[in-house]
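Asker: what follows is a predicted protein model with its sequence.
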Amino acid sequence: MSDRSTDAPGGDFEARAQVLDAAAVRRALRRMAHEILERNAEQTAVVVLGLQHGGVAIAEVLAEELVKLGGTAISLGALDVAYHRDDLDRRPLRGPQTTAIPVDLTDATVVLVDDVLFTGRTIRAALNAVVEWGRPRSIQLAVLVDRGHRELPIRPDFVGKNVPTSLREAVVATVDGVWIGDRPTGGTRV
């Protein structure tokens, strides 16, 4: 579905510390997979949707772990929430990404997957996007990193790691690791 990045964070982000390495990310995703299967043991189908762009590679690994552990049928997709955001006037649109919904979401259990949960605004946009594709039985949220600072009343169901941060800091989370550092000046919030 996507090319998994194997590079450490780059660009304007300057990492001060690595919080998780690739092996620790894999262990966190395996634990999250166990929790998802336990919570959804009675469900006939679970749809895992990675949020573009940071959540897609994480969703792929999470889905791999879910398949290895067995249990319910897993469908994997990707969701672009760009046009559902409430901050388009302040945040430039990167251009549309791929939305690939593999099955009808009506009556399905949908697990939204993202890399970092911060203000909650991306998840609010994701909720709006999901309901355009059907009316799921339930929507659950899995994030690799919860860094706090919520602006909306959104709480994840499954968390890889809680990483308390200041508003001046940024977090980069990939399948290759999690780093904390300084937020680029004038950059987007991560």
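Answerer: Now that the structure is in, tell me what you want to look at.

Asker: secondary structure element for the residue nearest the centre of the chain?
Answerer: Central residue of the chain (C-alpha atoms, centre = their mean): Asp114, 0.7 Å from the mean position. Assessed by DSSP states H and E, Asp114 sits inside strand 109-117.

Asker: can you give me the strands for this protein?
Answerer: Along the chain, the stretches classed as strands by DSSP state E are 14-21, 45-51, 73-79, 109-117, 138-146, 158-162, 169-174, 177-182.

Asker: can I get these in JSON lines with distance to Met32 and mean pLDDT?
Answerer: The C-beta positions use only the backbone N, C-alpha and C, and glycine is treated the same way. Formatted as JSON lines, the entries for these read as follows, by distance: least, C-beta to C-beta, whole Å; pLDDT from 0 to 100:
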{"stretch": "strand 14-21", "distance to Met32": "13", "mean pLDDT": "94"}
{"stretch": "strand 45-51", "distance to Met32": "11", "mean pLDDT": "95"}
{"stretch": "strand 73-79", "distance to Met32": "13", "mean pLDDT": "93"}
{"stretch": "strand 109-117", "distance to Met32": "9", "mean pLDDT": "97"}
{"stretch": "strand 138-146", "distance to Met32": "6", "mean pLDDT": "98"}
{"stretch": "strand 158-162", "distance to Met32": "5", "mean pLDDT": "98"}
{"stretch": "strand 169-174", "distance to Met32": "13", "mean pLDDT": "96"}
{"stretch": "strand 177-182", "distance to Met32": "14", "mean pLDDT": "95"}
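
Asker: reformat the ones you listed as a markdown table; add distance to Leu152.
Answerer: Converted to a markdown table, the strands of the chain look like this (distance: least, C-beta to C-beta, whole Å):
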| stretch | distance to Leu152 |
| --- | --- |
| strand 14-21 | 24 |
| strand 45-51 | 15 |
| strand 73-79 | 18 |
| strand 109-117 | 11 |
| strand 138-146 | 12 |
| strand 158-162 | 17 |
| strand 169-174 | 18 |
| strand 177-182 | 23 |
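
Asker: this completes my enquiry, with thanks.
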